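Participant: only the shape, not the letters, is given here:
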Ligand SMILES: Cc1cc2nc3c(=O)[nH]c(=O)nc-3n(C[C@H](O)[C@H](O)[C@H](O)COP(=O)(O)OP(=O)(O)OC[C@H]3O[C@@H](n4cnc5c(N)ncnc54)[C@H](O)[C@@H]3O)c2cc1C
Ligand SMILES: Cc1cc2nc3c(=O)[nH]c(=O)nc-3n(C[C@H](O)[C@H](O)[C@H](O)COP(=O)(O)OP(=O)(O)OC[C@H]3O[C@@H](n4cnc5c(N)ncnc54)[C@H](O)[C@@H]3O)c2cc1C
Ligand SMILES: Cc1cc2nc3c(=O)[nH]c(=O)nc-3n(C[C@H](O)[C@H](O)[C@H](O)COP(=O)(O)O)c2cc1C
Ligand SMILES: Cc1cc2nc3c(=O)[nH]c(=O)nc-3n(C[C@H](O)[C@H](O)[C@H](O)COP(=O)(O)O)c2cc1C
Ligand code: FES
Ligand code: FES
């Protein structure tokens, strides 16, 4: 599908550390805010030169359409995220977006429960999705599972609480919430929900998504996965971000995804 | 001559606009301050990546050895100077220096008058030289001529006044000081000084230095010129900065200069 | 009003700016991000006889001021192109240039015949130089093979033929001359420089394909030199210059070196509207400099 | 303690890091900025029979992640080197490698004989590939000429011979093989890629010499690919890899690709201590990774 994304040079409004090496950068980008939907991402450049050369993709975290603001939650790992970390209010940041072809498609079945399963910087797009669902209908049923190795790496618990969602936390060392992995919590949640209509939405590290996908296929629950692969262009033209599907097709993650159904992806 | 220059990553203390597109950047670099002499320069990098790729040379403007501070006065023309302009107090700047082989050699003759002739960012090293001469002997005779196209481009008048030097200003359009070029003022000064010992020190745009050099040769007054050519390494190893001398030698500006005698250079 | 239009073979372009094959998909992907009709020409991804799945991932890695790619010519094949992609492109008022790739002469001839018949294609760019597939470079390193290929294609089609040269050769001029002698209407250069990158902790190549093609600003000096060399040697054949063009400034360097048109490739990844921004920038430069016709710039560099 | 020492021909280097010829002067210039004895070897600027004034200025221009240089081999000639530069270098405990350049075989042989007699020189690097002088590339593009040159040099000296290859060729392996067959103890690669840049307002080349050699991080992917190709084809000849090495990370990529030693060239311009920083960084990497001997890295990349 063609990309309507444009390039925007926009002012940074705030840039705050939330946990160690993780920050939320908010900027004023009304055109992006107007179009952004959960699962969309932005291709970010921090400099005005060629180093780093490529843009890097970041999920959209929060959107305030009235104020024309959007935010990204990022973890500092390389040149772009180091550059993002240095941005101060008033500095400019260079975005292309919103990008993404097939994004999260909310389950519209009567009484459906939306189960979010996130890890690391996979949590923010699910927070966005939850808020959108709640703003469409406050009575929406949402279950939210957040996993991390250790409690200091857990993201967005307070942000979700504010939105009225009590997230279940899992840590591998048991330092907060349930000891174990997100799949352990997911089994519990799915068991609790029994035969009622459920859709799982998942975003996080690839091994986690693989495990969640396997579990959902096993128990026959629909599951949408936001797949992460390197995205040099984000616009469907470079053919670098391809994902092999179970049906033998090799498709672009950026414009044919990034959200795929469990079972669709060949791991 | 071998370069003792080292690379330093130092904090910026202040960075102030002095006239349009010209700023003075002061940083804390005690090792450099200890070694810096008038005519020395620094090779500056503003980023932590490869864009811009090469360092760029900047004369040392002020030195405060007690406080370990040095400053550069720069005009914003390209990527490095744009990057320098953005530095705020507390940011870091990356310097190699002090660089320069043959620098200004003060005339030590009894009663000598030191005539400084500067234009644009050629003025700062001469201000440094004047202050050094004055701090060695307060009674030093200094004449200072600053030229520009228009009064808004004149530099360092107040700074010199503070040091007790009344600079003669020339502007091409007569908007401040004498109408004309620095050579017009220099003729006046040299005439005034008659047969007493005089040395001219000159730094500025190449056509200006050429004219000053010709005049000094004509009236047989010793003249030291700080020549400006592109300097990729600044350390005598790349052989890009060569200057042809009248004696047929082709020497490096960075380590065999940058200061040459009028008559030495083949224009 | 300045004139920005240039001629490449039988084609008249409204401005000298094309897209780089493989960096602009099939045009449709970018049709919302920019107005395709504002391009000088739209060059689409290499198309082969049969569909190709291309190489395994990772296929692109970032390097200093550039990227290495080893896509491996993934494309849907000629039937898919003619049936699914071409109808969309025909709706636009912009010359469509299809980049062809094959294993042997017969493949290229077949593709050229199909595309000539299909209608709505204005020129063919002959990719003899893709470094990312086995034997992808056989033609491009050998003037004799190039001559044979282009001779066969010249018989097969009346469409404007643009032969795309590889930079991975000792003497780019000899290959260009062979293509010109065989009847190529124009030459395009450069394709990517063969390179690699290694992950030092994993001790593995960073591309699944081991090597890939280097593009982007890193290669601009090499591309510009080759365009100038070929233009000096073959001043009568129009050149499409490419390799690291991001800005109008870059593009004008290529025009001065002797390119009649230029292509914007990798730059589209960092600026979706790079191609039309370059076109607008060239026009602005002409106006600023009081140059009435862009053709005055072509080959106008002096020592 | 990890072992960082490697062997190139008859030379044992305390670490794999050399300086790039033409980027480190004659060593003396840098002797205050860093400890020459901390280098694996010190490679000096190309030396010719007679003094050379080199090309007119501008001689270096900046490009994206690199520079173009057209110094044109300015140097004081062999007498000046032996009398003025070598005595200083002899005081150090570091292998001295002199890079030679000539117009014809006899020039090289003369230089090799003089330097062998002079004493205090440990190896000769044979520059057959400088793109910035007329005919500077004749040897490097032709395996036959290379074979003849190295054969003559092999007769003339027992010093370790390192033949420096040009990247501006279709088949770098064939030239490397010719040098190896003729008795070169090692190969160094790559020299610079031929390129150019244009000032669009003046419509002039930005280098007085029109073209120049591209170096720096921009060319690293190409250099690394060539080192790997030559190592695959000629696993028994030690390689000195260079081209865009700025950090220890870069250097380790070259070791993994098959280089026994590496040279730091242009990087010295931006970081005076680049060469010894790279050496220290390699040692640190070995320690971190629990690798006891740097030789374990050489050619250890896998697909
Ligand atoms: C659709 C999508 C959405 C995303 N959303 C988010 C988000 O919301 N928040 C977020 O923080 N991230 C997100 N990411 C991930 C993010 O795009 C990457 O982490 C990005 O690479 C960071 O850019 P960088 O320049 O900071 O780091 P990079 O320099 O790109 O480094 C990224 C990783 O690669 C490694 N690396 C770097 N250079 C090399 C080398 N030479 N050799 C080997 N390894 C190397 C680094 O160590 C690091 O682990 C998303 C990715 C996708 C595809
Ligand atoms: C010994 C010495 C001392 C110096 N001292 C000072 C000083 O004290 N203060 C000061 O301000 N400057 C000084 N300079 C000059 C300064 O080093 C240069 O102006 C430097 O190039 C600025 O770097 P930049 O990256 O900002 O600009 P650059 O990008 O290097 O641009 C410099 C000039 O080149 C032009 N240019 C840039 N790119 C191109 C291109 N692609 N094609 C054609 N032209 C181009 C620009 O328009 C500009 O006029 C000194 C120079 C020397 C040699
Ligand atoms: C991701 C990618 C894919 C490419 N695919 C093709 C291709 O299919 N056919 C082709 O002839 N050239 C292909 N190229 C080469 C470009 O068309 C162009 O020649 C080269 O990238 C240099 O230009 P640039 O630096 O502006 O990108 C590709 C380049 C890139 C970066
Ligand atoms: C300014 C400059 C001068 C050079 N002079 C020589 C030379 O005299 N002889 C030579 O063999 N190589 C010369 N080279 C090439 C380097 O030794 C090296 O092969 C090349 O620059 C690639 O390495 P780098 O990217 O680390 O610089 C020169 C390179 C530069 C940048
Ligand atoms: S990132 Fe380029 S096609 Fe998906
Ligand atoms: S700047 Fe490199 S030798 Fe002078």
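Facilitator: Okay, I see it. Since we're looking at a predicted model, the values are computed, not measured. Ligands and ions are numbered 1, 2, ... in the order given.
Participant: residue contacts, residue 65?
Facilitator: You didn't pick a chain, so chain A it is. Taking C-beta atoms under 8 Å, 6 or more residues apart in numbering or on different chains, we find residue A:65 in contact with A:33-34. In this view, the C-beta of every residue, glycine as well, is placed from N, C-alpha and C.
Participant: that's the wrong chain, I wanted chain C
Facilitator: A:50-51, A:53, B:50-51, C:216-218, C:244, D:64-66, D:217-218.
Participant: now, the residues you listed that are in helices?
Facilitator: Among the contacts of residue C:65, no member falls in helices (criterion: DSSP state H).
Participant: got a markdown table for the residues you listed, with distance to ligand 3 and pLDDT too?
Facilitator: Output for these, formatted as a markdown table (distance: C-beta to the nearest ligand atom, whole Å; pLDDT from 0 to 100):
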| residue | distance to ligand 3 | pLDDT |
| --- | --- | --- |
| A:50 | 12 | 96 |
| A:51 | 16 | 95 |
| A:53 | 11 | 97 |
| B:50 | 17 | 96 |
| B:51 | 16 | 95 |
| C:216 | 5 | 98 |
| C:217 | 7 | 98 |
| C:218 | 8 | 98 |
| C:244 | 4 | 98 |
| D:64 | 11 | 98 |
| D:65 | 13 | 98 |
| D:66 | 14 | 98 |
| D:217 | 16 | 98 |
| D:218 | 12 | 98 |
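Participant: identify those among those that sit within strands.
Facilitator: Counting by DSSP state E, the part of the contacts of residue C:65 found in strands is residue D:66.
Participant: near whichever residue of the stretch 1-150 of chain A sits closest to ligand 5, how many other residues are there?
Facilitator: Per C-beta to the nearest ligand atom, residue A:57 is where the stretch 1-150 of chain A lies closest to ligand 5, at 8.1 Å. Neighbours of residue A:57 under the rule other C-beta atoms under 10 Å in any protein chain shown: 25.
Participant: tell me which element it falls in.
Facilitator: Secondary structure from DSSP states H and E places residue A:57 in strand A:56-59.
Participant: so residue A:224: helix, strand or coil?
Facilitator: What DSSP: H, G, I helix; E, B strand; the rest coil gives for residue A:224 is strand.
Participant: so it touches residue A:202, yeah?
Facilitator: Yes. Here residue A:224 lies in contact with residue A:202, judged by C-beta atoms under 8 Å, at a distance of 7.0 Å.
Participant: which parts of the stretch 1-150 of chain A sit against ligand 3?
Facilitator: Counting by C-beta under 6 Å from any ligand atom, no position of the stretch 1-150 of chain A is adjacent to ligand 3.
Participant: could you pull out the strands for the stretch 1-150 of chain A?
Facilitator: A:6-19, A:22-28, A:41-45, A:56-59, A:62-64, A:69-75, A:92-99, A:113-119, A:141-148 (DSSP state E, counting those that start in this stretch).
Participant: JSON lines for those strands, including distance to ligand 4?
Facilitator: JSON lines is the format used below for the strands of the stretch 1-150 of chain A (distance: least, C-beta to the nearest ligand atom, whole Å):
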{"stretch": "strand A:6-19", "distance to ligand 4": "33"}
{"stretch": "strand A:22-28", "distance to ligand 4": "36"}
{"stretch": "strand A:41-45", "distance to ligand 4": "26"}
{"stretch": "strand A:56-59", "distance to ligand 4": "27"}
{"stretch": "strand A:62-64", "distance to ligand 4": "45"}
{"stretch": "strand A:69-75", "distance to ligand 4": "33"}
{"stretch": "strand A:92-99", "distance to ligand 4": "29"}
{"stretch": "strand A:113-119", "distance to ligand 4": "41"}
{"stretch": "strand A:141-148", "distance to ligand 4": "43"}
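Participant: residue of the stretch 101-250 of chain A with the smallest distance to ligand 3?
Facilitator: residue A:238 (4.5 Å).
Participant: same check, this time on the stretch 1-150 of chain C
Facilitator: residue C:22 (1.9 Å).
Participant: my read: that residue touches residue C:74, true?
Facilitator: No. In terms of C-beta under 8 Å, residue C:22 does not count as a neighbour of residue C:74; the distance is 9.6 Å.
Participant: which one's more surrounded, those two?
Facilitator: The neighbour count for residue C:22 versus residue C:74, taken as other C-beta under 10 Å, is higher for residue C:22 (28 against 20).
Participant: for that one, which non-adjacent residue is spatially closest?
Facilitator: Nearest residue to residue C:22, sequence neighbours excluded (C-beta to C-beta, 6 or more residues apart in numbering or on different chains): residue C:45, at 5.1 Å.
Participant: ok, that neighbour - contacts?
Facilitator: A:239, C:21-22, C:24-26, C:75, C:99.
Participant: strands of the stretch 1-150 of chain C, residue ranges please.
Facilitator: C:6-8, C:11-13, C:17-19, C:42-43, C:60-63, C:66-69, C:96-100, C:123-127.
Participant: pipe those strands into CSV and attach mean neighbour count and distance to residue B:230 per row.
Facilitator: CSV is the format used below for the strands of the stretch 1-150 of chain C (neighbours: other C-beta atoms under 10 Å in any protein chain shown; distance: least, C-beta to C-beta, whole Å):
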stretch, mean neighbour count, distance to residue B:230
strand C:6-8, 22, 35
strand C:11-13, 19, 38
strand C:17-19, 30, 32
strand C:42-43, 26, 38
strand C:60-63, 24, 26
strand C:66-69, 30, 25
strand C:96-100, 26, 41
strand C:123-127, 26, 39
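Participant: what would these look like in TSV with distance to residue A:197?
Facilitator: TSV is the format used below for these (distance: least, C-beta to C-beta, whole Å):
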stretch	distance to residue A:197
strand C:6-8	59
strand C:11-13	56
strand C:17-19	46
strand C:42-43	46
strand C:60-63	40
strand C:66-69	44
strand C:96-100	48
strand C:123-127	51
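Participant: what is the burial count for residue C:267?
Facilitator: 24.
Participant: apologies, that question was intended for residue C:247.
Facilitator: 17.
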